[in-house]
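Enquirer: model this:
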Amino acid sequence: MGWYFIRHGAWRRHMACMTTALISSTGFLAGYIIYHVHVGEKSSGYRGWIAAIYFPMLASHVLLAFATLPLVILTLIPVFRSRWDRHRRIARWTIPIWLYVSVTGVLVYLMLYKWFPPPNLALGH
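Expert: Sure, this is the predicted structure:
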């Protein structure tokens, strides 16, 4: 929605959407880290066609997730300096990566815990 609003000149709505996205993403990241510090990482044990889909998606998700945090910071710095040209230039890279990480994160979760839970994870997470 933030991208839609800025494309239509509604910069206040854009700001509200992007602030909400930043806060919710930060909250999710904190919860994710706290959860995995306490529970640890769980291997899927996938094989065959599921593995051929799951592992490349997981790898690209993890690699791009690491890139997202610095990109978001680099996108925000020009905002505080009112350098809209720089903000726009960096945001063109940040938003598609951020969206990809968000969508693949949900898909990884659904595959691992809902759609195809491997036997070692089927009893709970």
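
Enquirer: from here on, contacts and neighbour counts on C-alpha atoms
Expert: Fine.

Enquirer: nearest residue to Met101 other than its sequence neighbours?
Expert: For the record, residue 101 is Val, not Met. Distances taken as CA to CA, 6 or more residues apart in numbering put His61 closest to Val101, at 5.4 Å, once the chain neighbours are dropped.

Enquirer: In contact with the one you found, which residues are there?
Expert: With contact taken as CA atoms under 8 Å, 6 or more residues apart in numbering, His61 is in contact with 100-101, 104-105.

Enquirer: Look at it and report its pLDDT.
Expert: pLDDT recorded at His61 is 97.

Enquirer: Over to Pro119?
Expert: 75.

Enquirer: Walk me through the domains of the chain.
Expert: What automatic domain parsing lists as the domains of the chain is 1-41, 44-125.

Enquirer: just those domains: most buried one?
Expert: With neighbours taken as mean count of other CA atoms under 10 Å, the domains of the chain reach their highest mean count in domain 44-125, at a mean of 14.

Enquirer: Inside strands: which ones of the contacts of His61?
Expert: With strands defined by DSSP state E, no entry of those lies inside them.

Enquirer: what's the closest of those residues to Trp49?
Expert: Thr104 (17.4 Å; CA to CA).

Enquirer: distance of that closest one from Leu112?
Expert: Distance of Thr104 to Leu112, given as CA to CA, to the nearest Å: 12 Å.

Enquirer: can you check Ala65 too?
Expert: Taking CA to CA, one finds Ala65 at 18 Å from Leu112.

Enquirer: try Phe5
Expert: Phe5 sits 34 Å away from Leu112, going by CA to CA.
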